[in-house]
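Student: Sequence unavailable; structure follows:
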């Protein structure tokens, strides 16, 4: 299976931390800390292409021209599980703005329905990084990106901790222009659309609502 815009991480620390994340005995505190650490590692790679410009700075010894990021960044978690990834990205990019998007699944159509979206008005001029721990069916992720594009976003990336081939395929067809940075590609979905082997419900494990 080949999805050109889906980049699966191979760093050993990411793989190790995802294994710790999967364990049923990993409690809320450790789960949250592991999601933070994994997001940092994936976020480092996802931000690799941020543009630079040279700025004159003063070191203790002399003036020089040093490279600085010259692009505004907006972090957009998909509520609610994506909230567990925000602090990690803000520690990498402290000046980033934070938008939010909320979706729920219609019980009859099973399609994602947007119930909340708040992003900066100048989002068209920003690099947008969408956060969600899971890429399962791909429906919510694709709907979130569509909502952002409808508000003017053009430069969009997505970070997920784990994903399923079904979700990667669906998202790639819906948004081939959006790069996805994925910690691990799992084997697939079960009949209830949960990722296998997965890690359970990321939102419940992050916020202790099991």
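Tutor: Here it is on my side, so go on. Keep in mind the model is a prediction, meaning the values are calculated, not measured.
Student: Okay, now the sheet partners of the helix or strand in which residue 159 is found, with direction.
Tutor: Element membership for residue 159 (DSSP states H and E) is strand 155-163. Strand 155-163 has the following strand partners under DSSP bridges: strand 127-131 (parallel), strand 134-135 (parallel), strand 179-185 (parallel).
Student: Dump the ones you listed to JSON lines, plus mean neighbour count, mean pLDDT and distance to residue 45.
Tutor: Any C-beta I mention is one placed from the backbone N, CA and C, and that applies to glycine too. Below are the strands paired with strand 155-163 laid out as JSON lines (neighbours: other CB atoms under 10 Å; pLDDT from 0 to 100; distance: least, CB to CB, whole Å):
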{"stretch": "strand 127-131", "mean neighbour count": "26", "mean pLDDT": "97", "distance to residue 45": "12"}
{"stretch": "strand 134-135", "mean neighbour count": "27", "mean pLDDT": "96", "distance to residue 45": "16"}
{"stretch": "strand 179-185", "mean neighbour count": "21", "mean pLDDT": "97", "distance to residue 45": "6"}
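Student: Spatially nearest residue to residue 162, not counting backbone neighbours?
Tutor: residue 184 (4.9 Å; CB to CB, 6 or more residues apart in numbering).
Student: Please name the residues that touch that neighbour.
Tutor: Contact analysis of residue 184 by CB atoms under 8 Å, 6 or more residues apart in numbering lists 8, 9, 14, 15, 18, 161, 162, 163.
Student: The residues you listed, buried ones only, as a ChimeraX selection?
Tutor: In ChimeraX, this line selects whichever of the contacts of residue 184 come out buried by 16 or more other CB atoms under 10 Å:
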select :9,14,18,161,162,163
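Student: about what we covered before: in CSV, list the strands paired with strand 155-163 along with distance to residue 39.
Tutor: Shown next, in CSV, are the strands paired with strand 155-163 (distance: least, CB to CB, whole Å):
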stretch, distance to residue 39
strand 127-131, 7
strand 134-135, 13
strand 179-185, 9
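Student: which residues are contacting the longest helix along the chain?
Tutor: Of all segments of type helix in the chain, defined using DSSP state H, the longest is helix 28-46. Contact with helix 28-46 is made by 7, 9, 11, 13-14, 17-18, 20-21, 26, 84-85, 87-89, 91-92, 129, 131, 133, 157, 159, 161, 179, 181-183, 202, 205-208, as judged by CB under 8 Å, 6+ apart.
Student: From those residues, which land in helices?
Tutor: Judged by DSSP H, those include 13-14, 17-18, 20-21, 87-89, 91-92, 202, 205-207 as members of helices.
Student: buried residues in stretch 24-31?
Tutor: Those would be 26, 31, for stretch 24-31 by 16+ other CB under 10 Å.
Student: Noted, bye for now.
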